[in-house]
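Q: Predicted structure and sequence below. I'll ask about it afterward.
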Amino acid sequence: MNFKRFLESKILDLSSIKSFFSDDKELLIELIAVFINDTKPKVKVLENNITNLDFTEVREISHFFKSSFGLMGINCVDDLTILEDLAIKKENPKLITSKLKSVVSLCNKCIVEYESILKNLENHT
């Protein structure tokens, strides 16, 4: 069965995933599962920072997400860079909050998208 047909999305840029992992379904499943499991709790922490800003948490999570989001095709690396820089400088809480809302919303949509892709990959052997 050709599982590559499940690697389609309107909100994710799956070109890196396809380029590096599309020949190994099991590795792709593992990658997506790890991504979801690592990302969900960190998104919750960022969501909490919308109302209770902790510069250290925002900085650490933004930095962590930058590399994985690039690979996973989530288009908010620029916002994560801005968040990390502002959190390092402990500047502009209003802008941080605004960027957090945007990033959290996109992350939640992307998690749902990846959960759907993962389910399709797992159900089609």
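A: Perfect, thanks for sending it.

Q: Tell me where the model's unsure across this protein.
A: 1-2, 125 (pLDDT under 70).

Q: change it to 80
A: Applying pLDDT under 80 to the chain picks out residues 1-6, 22, 124-125.

Q: report the longest helix in it, please.
A: helix 93-123 (DSSP state H).

Q: May I see the buried residues of it?
A: 96, 99-100, 103-104, 106-107, 110-111, 113-114, 117-118, 121 (16 or more other C-beta atoms under 10 Å). In short, each C-beta sits where N, CA and C put it, glycine included.

Q: Show me which of those is closest to residue 18.
A: Nearest to residue 18 among the buried residues of helix 93-123 is residue 117, at 11.6 Å by C-beta to C-beta.

Q: Quick check: the closest one vs residue 107, distance?
A: 15 Å (C-beta to C-beta, to the nearest Å).

Q: Check which helices and strands the helix or strand hosting residue 82 sits against.
A: Per DSSP states H and E, residue 82 falls inside helix 77-89. Packed against helix 77-89 by the contact rule (3 or more C-beta pairs under 8 Å, 6 or more residues apart in numbering; DSSP states H and E) you find helix 55-72, helix 93-123.

Q: No more questions from me, cheers.
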